[in-house]
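In: Generate a structure from the sequence data that follows.
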Amino acid sequence: MLPGYILRNRYKIIKQLGSGSFGITYLAEDLDLPDHPLCVVKNLRQSQNQEELQAFINFFNKEAKALYRLGNEHDQIPRLFAHFEEGGEFYLVQEYIDGHDLSQEIFPGNKLSEAQVTQLLKEILEVLTIIHDKNIIHRDIKAQNLMRRNSDGKIILIDFGTVKEISLLKANPLEQTNVSVIVGTNGYMPIEQLNGYPKLSSDVYAVGMLGIYALTGIRPQELPKDPDTFDVIWQDKALVSPALANVLDKMVRSNFKERYQNAGEALQALTALSSSISPPSHFFFANQRFLIGVGAVVMMFFGIGLLFMNFSRQSTNDVQLACSETDLQYNPNEPNLVDDDGNKYYGKVKDKAPYGCGTLLFVKLNDKYQGEFNNKWQLDGTGTYTFDNGNQFIGLFNDNSYVKGKLIYNNGCQYEGEFQDYQPHGQGTCISEDGKSESGIWFEGKLEGKNKTCCY
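Out: Numbers count the residues shown, from 1 in each chain. This is a model prediction of the structure:
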């Protein structure tokens, strides 16, 4: 349909938004309502094959029923406004979501931090739990079908054309998807779904694969699989704590009986993971990557919180580096210590561990930390951490986390202020590449009152 075309004397087409297996989606305005609010019109894709066309119609009708049933009850699922046939074509009109889909956050080559991925998985599973509680399987969870709404940052689940109700599966357990129609997306579909027997845990598999994609920057269909178990092989391509890796591994088990059986179970496991204090084994930073090899996964937010409180009364730019350039000079051919992962330490040593001022080179990551070590291998005190992509943090560290200072991105953008849970949190200022600045109170990476992130 061309811009300006009017359906039902009411819905005026503005532009095409996209197209999929079952239809073409348009942005439109509702001429019957004041101010002509925007809406989304989906036009069913026609097919010369009558069997395939009937399958498309069935999917289209399912989407309408699902939206009508769920959209009126939950604001994270689009509402259905109309469902009709005109001129031999089938149309569905639904709520317009002002935002972006998650393919703008998760894409090849981009690795999100563990904190970001954990939060993202929680947000997705919270929405998915809504439809699983209704015994509905979505069957096509992927980045393109998850929107982040601009007004509040919430995740909105869209595209209900492939939903399947468990009650229908029980009534006809031998029902299989028509082989001429692909239901789902390659890489996100587990074996039972490919064979036409989807379950609630099939959606859990898809969410898990999306989480792995976010951590590795590698599309699910490009990840190798174990030839014996068919389980996906991914941990060697991500820098991730064992705790989160175990949860993701259970989400994407090839055998559906070994997975979390629904979104609620997976969400509970992630929530328990975030609230627990794990024994030390790895450590990680924000800035969309992790550091492995020394230290611990530091989940002691209470301790970080105390430090945050102690420094909250100070200005954001008064962190003085304790180590001088002379303290940090080293001979790259003569490390004082080398850990089990081959990471090289140059500097003062106490009890066969780093202590005082020194330099730690992360061999596999090509990252470098120069500063204080007050707790053996842990980055503790003031220092500078330089990432291999050119990003750099200068400021105060505690238990391998930065809590206050300046994070400078390779594009010139920077944030200076307080941090918590590896994100801007507290008083701080964001300065964009063009020199524009925004100051205020930040909460979990976003500026309060504007819901804006800094630099990314």
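
In: which stretches of the stretch 251-400 of the chain have low pLDDT?
Out: 274-318 (pLDDT under 70).

In: residues near the closest residue to Pro190 other than its chain neighbours, how many?
Out: Spatially, and ignoring its direct neighbours in sequence, Pro190 is nearest to Tyr205 (4.2 Å; C-beta to C-beta, 6 or more residues apart in numbering). C-beta here means a position set from N, CA and C on the backbone, and glycine is covered the same way. Neighbourhood size, Tyr205 [other C-beta atoms under 10 Å]: 28.

In: hang on, Tyr205 is in a helix, isn't it?
Out: Yes - assessed by DSSP: H, G, I helix; E, B strand; the rest coil, Tyr205 belongs to a helix.

In: correct me, but it touches Tyr188?
Out: Yes - using C-beta atoms under 8 Å, Tyr205 is in contact with Tyr188, at 7.4 Å.

In: circling back: residue contacts, the residue nearest to Pro190?
Out: Residues near Tyr205 by C-beta atoms under 8 Å, 6 or more residues apart in numbering: 188-190, 193, 251-253, 256, 259.

In: Now do the SS call for Gln94.
Out: Going by three-state DSSP: Gln94 is strand.

In: Check it and give its pLDDT.
Out: pLDDT, Gln94: 89.

In: Ok, Gly71 next?
Out: Among the per-residue scores, Gly71 shows a pLDDT of 68.

In: The residue nearest to Pro190 and Arg139, how far apart?
Out: Distance of Tyr205 to Arg139, given as C-beta to C-beta, to the nearest Å: 11 Å.

In: And Gln378, by the same measure?
Out: In terms of C-beta to C-beta, Gln378 sits 45 Å off from Arg139.

In: One more: Lys406?
Out: Taken as C-beta to C-beta, the span from Lys406 to Arg139 is 46 Å.

In: quick one: which of these two has more around it?
Out: It is Arg139, of Lys406 and Arg139, that has more neighbours when counted by other C-beta under 10 Å, with 23 against 20.

In: Identify the residues contacting the nearest residue to Leu267 once chain neighbours are set aside.
Out: The shortest distance from Leu267 to any non-neighbouring residue, by C-beta to C-beta, 6+ apart, is to Leu125 (4.0 Å). Residues near Leu125 by C-beta under 8 Å, 6+ apart: 207, 263-264, 266-267, 270.

In: neighbour-wise, which of those residues leads?
Out: Counting by other C-beta under 10 Å, top hit in those: Ala266 with 30 neighbours.

In: Helix, strand, or coil at that one?
Out: Secondary structure state of Ala266, per three-state DSSP, is helix.

In: wait, it sits on Asp249?
Out: No - applying C-beta under 8 Å, one finds Ala266 not in contact with Asp249, separated by 11.9 Å.

In: shared neighbours of Tyr205 and Arg139, anything?
Out: Joint contacts of Tyr205 and Arg139 (C-beta under 8 Å, 6+ apart) are Gln193.

In: Mind putting the contacts of Tyr205 into CSV with secondary structure, distance to Cys430 and neighbour count?
Out: Formatted as CSV, those follow (DSSP: H, G, I helix; E, B strand; the rest coil; distance: C-beta to C-beta, whole Å; neighbours: other C-beta atoms under 10 Å):
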residue, secondary structure, distance to Cys430, neighbour count
Tyr188, coil, 34, 26
Met189, coil, 40, 24
Pro190, coil, 41, 26
Gln193, helix, 42, 25
Met251, helix, 34, 26
Val252, coil, 36, 24
Arg253, coil, 41, 20
Phe256, helix, 44, 19
Arg259, coil, 40, 23
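
In: I'd like those residues as JSON lines, with distance to Leu2 appended.
Out: Converted to JSON lines, the contacts of Tyr205 look like this (distance: C-beta to C-beta, whole Å):
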{"residue": "Tyr188", "distance to Leu2": "34"}
{"residue": "Met189", "distance to Leu2": "35"}
{"residue": "Pro190", "distance to Leu2": "41"}
{"residue": "Gln193", "distance to Leu2": "37"}
{"residue": "Met251", "distance to Leu2": "44"}
{"residue": "Val252", "distance to Leu2": "43"}
{"residue": "Arg253", "distance to Leu2": "48"}
{"residue": "Phe256", "distance to Leu2": "46"}
{"residue": "Arg259", "distance to Leu2": "46"}
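
In: Looking at these, spot the one nearest Pro424.
Out: Distance to Pro424 across these (C-beta to C-beta) is lowest for Met251, with 29.0 Å.

In: Just want to check the distance between that closest one and Gln104.
Out: Met251 is 23 Å from Gln104, by C-beta to C-beta.

In: how about the helices of the protein, start to end?
Out: 50-71, 114-132, 166-171, 191-194, 200-216, 242-251, 263-275, 301-311 (DSSP state H).

In: returning to that earlier point: max pairwise distance over the contacts of Leu125: which two?
Out: The span of the contacts of Leu125, defined through C-beta to C-beta, is set by Val207 and Gly264 at 12.1 Å.

In: what pairs with Val349 across the strands?
Out: Pro354 (DSSP bridges).

In: Show the contacting residues for Leu248.
Out: Going by C-beta under 8 Å, 6+ apart, Leu248 touches 208, 211-212, 215, 240.

In: wait, I meant Ile394
Out: 319, 321, 383-384, 405-406, 408.

In: can we see that at 6 Å?
Out: 384, 405-406 (C-beta atoms under 6 Å, 6 or more residues apart in numbering).

In: Below-threshold pLDDT in the stretch 51-200 of the chain: ranges please.
Out: Residue ranges of the stretch 51-200 of the chain with pLDDT under 70: 51-53, 55-56, 59-60, 63, 71, 161-183.

In: And Gln235, what's its pLDDT?
Out: At Gln235, the pLDDT recorded in the model is 93.

In: And for Lys12?
Out: For Lys12, the pLDDT comes out at 97.

In: Just give me the neighbour total for it.
Out: Neighbours of Lys12 under the rule other C-beta under 10 Å: 19.

In: Against Pro424, how distant is it?
Out: For Lys12, the distance to Pro424 (C-beta to C-beta) stands at 42 Å.

In: How about Asp339?
Out: For Asp339, the distance to Pro424 - C-beta to C-beta - is 30 Å.

In: Please say which of these two ends up with more neighbours.
Out: Neighbours around Asp339 and Pro424, counted as other C-beta under 10 Å, are more numerous at Pro424. The numbers are 26 against 18.

In: what's around the closest residue to the more buried one other than its chain neighbours, how many residues?
Out: The shortest distance from Pro424 to any non-neighbouring residue, by C-beta to C-beta, 6+ apart, is to Trp442 (4.1 Å). By other C-beta under 10 Å, 26 other residues sit near Trp442.

In: quick one: contacts for Trp442?
Out: By C-beta under 6 Å, 6+ apart, the contact set of Trp442 is 424-425, 428.
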